[in-house]
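*Asks:* return atomic coordinates for the entry below.
(chains A and B)
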Amino acid sequence: MTTISNLAANLAGNGPADRVVPPSGFTAQLTIFTAGAMAFLTVFALALSLATGRLAERWSSELAKTATVRISAPAGQLIAQTEAALQVLRTTPGVKSARALDVSEERALLEPWFGADLPLDSLPIPQLIEVIETEDGFAAEGLRLRLQAEAPGAVLDDHTRWREPLVRAANRIRLLGLVAIVLIASATAAMIVLAANSALIANGQVIRVLRLVGALDTYIARAFVRRFTLRTLFGAAIGTVLGAIAISLLPRSGAEGGFLAGLGFQGAGWFWVLTIPPMAAVVAFVATRVAAFRTLKGLT
Amino acid sequence: MIKLDNVSYSYGNTELLTRVSVNLQPGSFHFLTGPSGSGTTTLLKLCYMDLPVTSGNLTIFDQPSVAMTRDEIAKARRRIGVVHQDCQFLDHLSISENVALPLAVSGRAEQYQDLQDLLAWVELTARADAFPPELSGGERQRAALARAVMMSPDVIIADEPTGNVDWEMSLRLLSLLVELNKMGKTILVATHDLNLIRAAKAQVSARVLRIKDRQLQLAGSDL
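*Replies:* This is a model prediction of the structure:
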C-alpha cells in the first residue's frame, strides 16, 4: 500500500493548490482501494454483458440458418411425400439446400437413445430433411402452407421455438450486466461523495483560512477535486488491469465453448475495458466537485 | 475604502452592534478599542466580510457588500490584509509558505521574490522554514503581519496584534504599522493597550474609535 500511495502522490503533483490542503494518508488509500475494487467488478459485469451479447447474436444468427422438415406418413407414401417436400423446398426462395437424411444418418441420431443395434427398418420412424437457409432466410409461414398442400405429413421446424427463449434469456443477462455497471458507477459516486465530504469537513479550518486570504471557491475545490479524481483514476486503473488479467486467465473450452467459457473480451470489447478508468475518473470529478461547491456555499 | 453606514449586527436575537457608522478614508490610521466582549472583533469581521451585516449599509471599495458575489468577496479580501487575533496559519506549511499563501491562492506566484524582502522586514528570514507551532508569540504576530501585507493591500486590519507580546515587541509591530501607513495604506487596529495608542499618537495622526454599549464613539483627545 505504501508503494501505491507513493505513486499516487507522484501522480497528484506538487502544485500550490495541492500543498495547501494537508495530505490525508489513510483515507486516500481507502479511496484508491474502493475505486480499484469497483473497477475490478466493472470488468466482470462488462465481460458478462459483452459475452451474453455475443451469445445472443450467435444463437439468433447461426440457428436461424438451419431448419428441419419432418415427414411422418404411412410407409407407402413416405417416399412420395419426401420427394414432394424436397421439390417444394428447392423452389422456395431463401432455401440454399435441402437434403433428405439417409438411414445411416438417422440411425446415428437415434443411437444415443436406443443403442447401436436398433432395427430401424422395422420401425415407422419419420424422414428428416435438413434445410440450410441463405443469408436472407425464408418466410416460414408461407413455406409451411405450401408444404401442407404438397406433403400433408411434413412439419417444418425452423428452431424459433427453442431459439427465442434462449436469445431472450441471453439479452436479459446482458441487461442485468449493464444494470450492474450503472449500479457500480453510482455506488462509486456515492462513496466518493462521502469520502470528499469527510475530507472537506476534516479540512474545515484550512478552507476557512484560504477563504480569508482571498481564495476563490474554484481554487479550493480544485485541490480536492484533483486529488479525488487522480486517486480514483489510479485505483480504477489497477482494478481494471487485475480484472482483465483475471478474465484472460479463465479456462477456455473448445471453439464454441459453453456459456461461461465464452466470458472474455474480443476486439472492440477491449476498447470498453480501457474506458473504465477514465469513466471512473469522470464520475469522481463530478462527484467531488458537486460535494466541494455545496460545502463551500455554507462558508463565508 | 471601507464605509459603515448605520450598520447593525445581531447574533440570534442578541444585538452585538447597533447603528455603527464610520468611514475609513484612504491613508487614515484608526484604533478601535473597547472593553473585552464589547464587539471589536465583530466589527473587524464585518469589515472583511467574515460576518454579514444584519442591517444598514456596508460599502467596501465603493461596492455595497450585500450585492457582492462569493468571488467578488474573495477578490476584495485580496485588497484587505488582515492580522487575525489567532493568526490563522496553516500548520502544515512553513512560515514562508504561510506568508506567501495569499499569492499562491490568487495565482500571482511571480511575486515570490518580494517574499524574502518581506521576511527580512519583519526579521523572520532565519525562521522562514520553521512551522507555525514552533514560533514564539511575537514571531507569529510578525509573520501574520507579513502575510497581511503580502498582496500589498490598500487596507490593513489588525485584531490585537500586540495581544501576547512584550512591550518592546509591541513597539516594533507598531512601527511596522506606522511605516505602512506612511506608504499610504489605510490602517485599522483593534487593541486594549492604551499605552500603544499613546505611543502611536506620537508618530502618526491616529483617530481612536471606542465601542461602548454596542455603539461606536469617536474617543476624545484625552488619551
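*Asks:* list the buried residues in stretch A:192-209.
*Replies:* Within stretch A:192-209, the residues that qualify as buried are A:192, A:193, A:195, A:196, A:197, A:199, A:200, A:203, A:206, A:207, A:209, counting by 16 or more other CB atoms under 10 Å in any protein chain shown. No exception for glycine: its C-beta is placed from N, CA and C like everyone else's.
*Asks:* want to throw those into a markdown table with secondary structure and pLDDT?
*Replies:* Below are these laid out as a markdown table (DSSP: H, G, I helix; E, B strand; the rest coil; pLDDT from 0 to 100):
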| residue | secondary structure | pLDDT |
| --- | --- | --- |
| A:192 | helix | 91 |
| A:193 | helix | 91 |
| A:195 | helix | 90 |
| A:196 | helix | 90 |
| A:197 | helix | 90 |
| A:199 | helix | 89 |
| A:200 | helix | 89 |
| A:203 | coil | 89 |
| A:206 | helix | 91 |
| A:207 | helix | 92 |
| A:209 | helix | 93 |
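*Asks:* which member of the residues you listed is positioned nearest chain B?
*Replies:* residue A:209 (4.9 Å; CB to the nearest CB).
*Asks:* so how far is residue A:206 from the residue sitting nearest the centre point of chain B?
*Replies:* Taking CA atoms, centre = their mean, the centroid of chain B lies closest to residue B:157, which sits 1.7 Å from it. Distance, residue B:157 to residue A:206, using CB to CB, to the nearest Å: 21 Å.
*Asks:* all helices of chain B, in order?
*Replies:* Ranges of helices in chain B, per DSSP state H, are B:40-47, B:70-77, B:95-99, B:101-105, B:113-121, B:137-149, B:167-182, B:194-201.
*Asks:* would you single out the least confident of the ones you listed?
*Replies:* Mean pLDDT is lowest for helix B:113-121 among the helices of chain B, at a mean of 85.
*Asks:* I'd assumed residue B:191 was in contact with residue B:44.
*Replies:* No - the pair residue B:44 / residue B:191 is not scored as a contact, 11.2 Å apart, by CB atoms under 8 Å.
*Asks:* can you give me the helices in chain A?
*Replies:* A:2-12, A:16-19, A:25-62, A:75-90, A:103-114, A:140-150, A:160-202, A:204-212, A:217-248, A:268-274, A:276-297.
*Asks:* which of the ones you listed sits most buried?
*Replies:* Mean neighbour count (mean count of other CB atoms under 10 Å in any protein chain shown) peaks for helix A:217-248 among these, with a mean of 22.
*Asks:* kindly calculate the angle that it makes with helix A:204-212.
*Replies:* 130 degrees (axes from the mean of the first three to the mean of the last three CA atoms, to 10 degrees).
*Asks:* counting neighbours, what do you get for residue A:122?
*Replies:* Burial measure for residue A:122: 7 neighbouring residues, criterion other CB atoms under 10 Å in any protein chain shown.
*Asks:* gap between it and residue A:75?
*Replies:* 11 Å.
*Asks:* do the same with residue A:202
*Replies:* Residue A:202 is 90 Å from residue A:75, by CB to CB.
*Asks:* and if you look at residue B:46?
*Replies:* From residue B:46 to residue A:75 the distance is 110 Å (CB to CB).
*Asks:* how about residue B:119?
*Replies:* For residue B:119, the distance to residue A:75 - CB to CB - is 113 Å.
*Asks:* got it, and residue B:120?
*Replies:* From residue B:120 to residue A:75 the distance is 118 Å (CB to CB).
*Asks:* same deal with residue B:105?
*Replies:* 98 Å.
*Asks:* next, the contact list for residue A:173, please.
*Replies:* Shown in contact with residue A:173 (CB atoms under 8 Å, 6 or more residues apart in numbering or on different chains): A:48, A:52.
*Asks:* give me the domain ranges for chain A.
*Replies:* Domain ranges of chain A: A:2-60+A:164-297, A:73-152, per automatic domain parsing.
*Asks:* average pLDDT across the last one?
*Replies:* Over the span of domain A:73-152, the pLDDT mean works out to 81.
*Asks:* next one: it to chain centre, how far?
*Replies:* Averaging C-alpha positions (CA atoms, centre = their mean, to the nearest Å) puts domain A:73-152 38 Å from its chain's average.
*Asks:* could I get the buried residue list for stretch B:134-143?
*Replies:* Of all the residues in stretch B:134-143, those buried under the rule 16+ other CB under 10 Å are B:135, B:138, B:139, B:140, B:141, B:142, B:143.
*Asks:* and which of those residues is nearest chain A?
*Replies:* residue B:143 (13.1 Å).
*Asks:* that closest one: what's it in contact with?
*Replies:* Applying CB under 8 Å, 6+ apart, we find residue B:143 in contact with B:87, B:89, B:95, B:98, B:99, B:122, B:124, B:127, B:132, B:135.
*Asks:* same question, residue A:243
*Replies:* Per CB under 8 Å, 6+ apart, neighbours of residue A:243: A:39, A:40, A:41, A:42, A:43, A:44, A:273.
*Asks:* how near is the nearest residue to the first one once chain neighbours are set aside to chain B?
*Replies:* Spatial nearest neighbour of residue A:39, chain neighbours left out: residue A:239 (3.1 Å); criterion: CB to CB, 6 or more residues apart in numbering or on different chains. Look at residue A:239 and chain B: by CB to the nearest CB, to the nearest Å, they are 30 Å apart.
*Asks:* test my guess that residue A:239 contacts residue A:44.
*Replies:* No - the pair residue A:239 / residue A:44 is not scored as a contact, 10.7 Å apart, by CB under 8 Å.
*Asks:* re the thing from before, specify the beta-bridge partners of the residue nearest to the centre of chain B.
*Replies:* With DSSP bridges as the criterion, residue B:157 is bridged to residue B:82, residue B:188.
*Asks:* just residue B:3 next, same as before
*Replies:* For residue B:3, the beta-bridge partners are residue B:23, residue B:59 (DSSP bridges).
*Asks:* if I look at it, how far off is residue A:290?
*Replies:* Per CB to CB, residue B:3 is found 38 Å from residue A:290.
*Asks:* and for residue A:229?
*Replies:* 13 Å.
*Asks:* likewise residue B:139?
*Replies:* For residue B:139, the distance to residue A:290 - CB to CB - is 41 Å.
*Asks:* what do residue B:44 and residue B:191 both touch?
*Replies:* Common neighbours of residue B:44 and residue B:191 (CB under 8 Å, 6+ apart) are residue B:32.
*Asks:* what's near enough to touch the closest residue to residue A:291 other than its chain neighbours?
*Replies:* The shortest distance from residue A:291 to any non-neighbouring residue, by CB to CB, 6+ apart, is to residue A:196 (4.2 Å). Listed by CB under 8 Å, 6+ apart, the contact set of residue A:196 reads A:224, A:228, A:287, A:288, A:291, A:292.
*Asks:* which of these sits closest to chain B?
*Replies:* residue A:292 (13.1 Å).
*Asks:* who's in contact with that closest one?
*Replies:* Residue A:292 makes contacts with A:196, A:200, A:220, A:221, A:224, A:225, as judged by CB under 8 Å, 6+ apart.
*Asks:* now for those: which two are most distant?
*Replies:* Largest separation among these by CB to CB: A:196 and A:220, giving 12.3 Å.
*Asks:* what's the neighbour count on residue 71?
*Replies:* Using chain A. Neighbour count of residue A:71, defined by other CB under 10 Å: 23.
*Asks:* think we crossed wires, I meant chain B
*Replies:* For residue B:71, using other CB under 10 Å, the count is 11.
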